[in-house]
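Colleague: what would the 3D arrangement of this be:
(one chain, ligands or ions: 1)
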Amino acid sequence: MYSFRDIASYHKDLLSGNITCTQVVHELLTEIEKKKHLNIFLEVFRNTALNRAAELDTQLKSGNTGKLAGVVIALKDNICYKGHQVSASSKILENFTSLYSATVVERLLAEGAIIIGRCNCDEFAMGSSNENSAFGNVLNPHNEKAVPGGSSGGSTAAVAAGLCHVALGSDTGGSIRQPASFCGVVGFKPTYGRVSRWGLIAYASSFDQIGPLSKTVDDAALVMEVMAGADEYDSTASQKPVPAYSQEIKNYAYKPRIAYLKDCMESPGLDAEIKARMERVITALKNEGYTVDAVDFPYLDYLVPTYYVLTTAEASSNLSRFDGVHYGYRSKNATDLESTYKKSRSEGFGKEVKRRIMLGTFVLSAGYYDAYYSKAQKVRKLLCDKTLAILSQYELILTPSTPGTAFEFGKNSADPIKMYLEDIFTVQANIAGIPAISVPAGTHSNGLPYGLQLMARPFEEAELMGFAKILEKY
Ligand code: GLN
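Modeller: Below is the predicted model:
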């Protein structure tokens with residue numbers, strides 16, 4: 001079987017004729033079948049992928065190649081691909097076929113990518129373990145008793161298990177970076193507005209971003225370069241020109257000033273080995289002449305509550321469109337309009353999604369709006385300002401990606417608060433709208449991987465990925 005290392009060496013092998021796209025897709029399809037028990041793919045687009053591979057093989061012969069020619073990409077099951085099913089891993093959208101493709105999908109295809117299938121995730125991207133999918137758990141390829149993380153658990157496990165070259169995830173509070181940490185791959189969340197959200201099934205619109213999961217930072221940079229940029233279908237997508245990230249990070253020679261958050265290091269939930277790893281990296285960087293300073297951020301405890309008040313509010317509004325009339329599932333027991341809404345939603349949504357819709361409806365209700373929603377908006381502004389204040393003195397913030405390694409199935413299920421605290425280090429970037437990346441940082445003595453996270457100033461993805469490449473080697 002072809003052993004994929006990164007896109008650049010894969011392209012060399014394709015161009016030299018060592019392999020063909022068709023061969024590679026066949027091999028991956030066999031591998032997907034072999035690892036079916038991991039429950040990663042909800043659907044494999046076998047024919048689409050094989051036809052496309054044949055097309056690309058012909059194009060490659062004529063020397064006509066895109067930046068992602070032949071790169072096999074898996075989608076999270078909340079990203080639309082025209083003519084293919086998409087369900088957000090929810091019963092309410094089961095058997096729904098997408099009428100159009102997400103902008104990111106169009107852009108990947110225009111550069112020669114092959115879309116191989118859609119991956120399991122937490123229902124409507126709500127979760128940190130993939131245990132909230134209506135279609136069963138995804139197993140962590142490193143240890144099948146452990147969760148892969150979430151919500152982009154399937155996409156991440158697909159990259160880790162070698163079932164595709166790159167996958168797309170979405171990140172509202174850590175759903176790319178947290179599973180990346182748990183599965184030992186690179187996970188990148190762009191600046192809010194860097195990548196179009198057109199065709200992404202919305203969870204919390206002022207937080208959501210699509211981003212890549214990959215084996216290397218270089219691959220993430222290339223995919224980002226293709227996906228990012230203005231889009232007439234998404235008015236929140238920035239007009240700022242997109243740098244050639246893959247080139248810029250090659251020549252990255254700058255020594256950024258790095259801050260780390262004292263409060264993260266002292267966080268009671270932080271695993272001792274991950275903490276020790278952080279300390280070793282900090283010392284090594286200092287020895288190399290980098291400025292690495294501890295800074296105060298005494299707001300850590302406000303991040304998760306602010307995130308959950310605001311995202312559930314946005315979700316309660318976004319998910320109101322799933323009413324048994326417009327899309328997907330309609331209850332067979334409905335007798336009139338009201339019972340169509342009630343029964344379809346009660347039967348179609350899972351437990352966690354219902355919990356969040358109710359919480360969100362509550363914080364937006366007339367009597368509590370000021371106490372919760374308005375207050376959380378103010379706190380968001382404050383957290384954003386405080387984060388940007390650190391980033392005015394430093395180019396980067398370094399933290400662990402997650403407090404621990406992948407946990408066992410069921411460990412956090414009974415206590416949603418415990419599960420929500422898994423996001424303690426990742427939600428800051430979404431609250432502030434800044435770019436962030438998780439880079440594999442080694443293997444814990446329990447045999448599981450974990451990552452370190454970097455955050456940067458808005459739209460400084462080149463800086464972020466440039467240094468992430470250096471961090472990859474530490
Ligand atoms: N784990 C977080 C949540 O459950 C993040 C989800 C996400 O980023 N989509 O909300």
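Colleague: tell me the confidence at the residue in the stretch 101-250 of the chain that the ligand sits nearest to?
Modeller: Taking CB to the nearest ligand atom as the measure, the stretch 101-250 of the chain has residue 175 as its residue closest to the ligand, at 2.9 Å. All C-beta atoms are positioned from the backbone trio N, CA, C, and that covers glycine. Residue 175 is assigned 98 on the pLDDT scale.
Colleague: residues contacting it?
Modeller: Neighbouring residues of residue 175 by CB atoms under 8 Å, 6 or more residues apart in numbering: 121, 122, 125, 128, 150, 151, 152, 169.
Colleague: now for those residues: which two are most distant?
Modeller: 128 and 169 (12.9 Å; CB to CB).
Colleague: overlap in contacts, the two.
Modeller: 151, 175.
Colleague: between these two, which one's more packed in?
Modeller: Ranked by neighbour count (other CB atoms under 10 Å), residue 128 and residue 169 place residue 169 first, with 33 against 28.
Colleague: residues in contact with the more buried one?
Modeller: Residue 169 touches 76, 121, 151-152, 155-156, 175-176, 179, 187, 210-213, counting by CB under 8 Å, 6+ apart.
Colleague: make it 10 Å
Modeller: With contact set as CB atoms under 10 Å, 6 or more residues apart in numbering, residue 169 has these partners: 74-76, 78-79, 119, 121, 125, 150-156, 159, 175-177, 179-180, 187-189, 209-213.
Colleague: among those, name the ones in helices.
Modeller: When DSSP state H is applied, the contacts of residue 169 are split such that 153, 154, 155, 156, 159, 177, 179, 180 fall in helices.
Colleague: dump the residues you listed into a markdown table; add neighbour count as well.
Modeller: Below are the ones in helices among the contacts of residue 169 laid out as a markdown table (neighbours: other CB atoms under 10 Å):
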| residue | neighbour count |
| --- | --- |
| 153 | 37 |
| 154 | 33 |
| 155 | 39 |
| 156 | 38 |
| 159 | 31 |
| 177 | 34 |
| 179 | 39 |
| 180 | 39 |
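Colleague: can you pick out the most distant pair from those?
Modeller: Maximum distance among the ones in helices among the contacts of residue 169 (CB to CB): 15.7 Å, for 154 and 177.
Colleague: so which bits of the helix or strand of the chain with the lowest mean pLDDT are buried?
Modeller: Across the helices and strands of the chain, mean pLDDT, DSSP states H and E gives its lowest value to helix 416-420, namely a mean of 87. Buried residues in helix 416-420, counted by 16 or more other CB atoms under 10 Å: 416, 419, 420.
Colleague: now swap in stretch 435-452 and tell me
Modeller: 435-441, 444, 448-452.
Colleague: could you pull up the mean pLDDT of that stretch?
Modeller: The average of the pLDDT scores along stretch 435-452 is 98.
Colleague: how far does that stretch sit from its chain's centre?
Modeller: Chain-centre distance of stretch 435-452: 15 Å, with CA atoms, centre = their mean, to the nearest Å.
Colleague: please put the alpha-carbon coordinates of that stretch into CSV.
Modeller: Once non-C-alpha atoms are left out, stretch 435-452 reads as follows in CSV (Å, rounded to 0.1, in the frame of the first residue of the first chain):
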residue,chain,number,x,y,z
PRO,A,435,-6.6,31.5,14.5
ALA,A,436,-5.3,28.5,16.4
ILE,A,437,-3.6,25.2,15.7
SER,A,438,-2.9,21.9,17.5
VAL,A,439,0.3,20.2,16.7
PRO,A,440,1.2,16.7,17.9
ALA,A,441,3.6,16.9,20.8
GLY,A,442,4.3,13.3,21.6
THR,A,443,3.0,10.3,23.3
HIS,A,444,1.9,10.0,26.9
SER,A,445,3.0,7.1,29.1
ASN,A,446,-0.5,5.8,28.7
GLY,A,447,0.3,5.3,25.0
LEU,A,448,-2.0,8.0,23.7
PRO,A,449,-0.9,11.1,21.7
TYR,A,450,-1.6,14.7,22.7
GLY,A,451,-1.0,18.1,21.2
LEU,A,452,0.2,21.6,22.0
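Colleague: and that stretch, does that touch the ligand?
Modeller: No: using CB under 6 Å from any ligand atom, we find that stretch 435-452 stays clear of the ligand, coming within 11.4 Å at best.
Colleague: can you classify the residue lying farthest from the centre of the chain by secondary structure?
Modeller: Largest separation from the mean C-alpha position in the chain: residue 335, at 39.9 Å (CA atoms, centre = their mean). Following DSSP: H, G, I helix; E, B strand; the rest coil, we place residue 335 in the coil state.
Colleague: and it, how far from the ligand?
Modeller: 35 Å (CB to the nearest ligand atom, to the nearest Å).
Colleague: could I get the pLDDT score of that residue?
Modeller: 96.
Colleague: likewise for residue 62?
Modeller: 88.
Colleague: tell me, how many residues neighbour it?
Modeller: 7.
Colleague: may I have the phi/psi pair for it?
Modeller: phi -90, psi 10 (degrees, to the nearest 10).
Colleague: kindly report the same for the one 10 residues further on.
Modeller: The main-chain torsion angles of residue 72 are listed as degrees, to the nearest 10 and equal phi -90, psi 120.
Colleague: next up, the contacts around it.
Modeller: 4, 10, 21, 24-25, 27-29, 49, 52-53, 113-117, 158, 163-167.
Colleague: which ones among those residues lie within strands?
Modeller: Taking DSSP state E, the ones among those that sit in strands are 114, 115, 116, 117, 166, 167.
Colleague: hmm, residue 75 and the first one touching each other?
Modeller: No: counting by CB atoms under 10 Å, no contact exists between residue 114 and residue 75, whose distance comes to 11.5 Å.
Colleague: return the residues of this protein in contact with the ligand.
Modeller: Residues of the chain lying near the ligand by CB under 6 Å from any ligand atom: 125-128, 151, 170-175, 203, 311, 423.
Colleague: residue contacts, the closest residue to residue 178 other than its chain neighbours?
Modeller: The spatially closest residue to residue 178, leaving aside those adjacent along the chain, is residue 149, at 4.7 Å (CB to CB, 6 or more residues apart in numbering). By CB under 10 Å, 6+ apart, the contact set of residue 149 is 122, 127-130, 138, 140, 156-157, 174-183, 187, 401-402, 405-407, 422.
Colleague: same question, residue 117
Modeller: Residues in contact with residue 117 (CB under 10 Å, 6+ apart) are 28-29, 32, 40-46, 48-49, 72-75, 77, 81, 84, 154, 158, 163-164, 167.
Colleague: one more: residue 70?
Modeller: Applying CB under 10 Å, 6+ apart, we find residue 70 in contact with 7, 10-11, 13-15, 19-22, 24-25, 52-53, 56-57, 59-60, 112-114, 165.
Colleague: can you list which of these are found in helices?
Modeller: Under the assignment DSSP H, the contacts of residue 70 contribute 7, 10-11, 13-15, 21-22, 24-25, 52-53, 56-57, 59-60 to helices.
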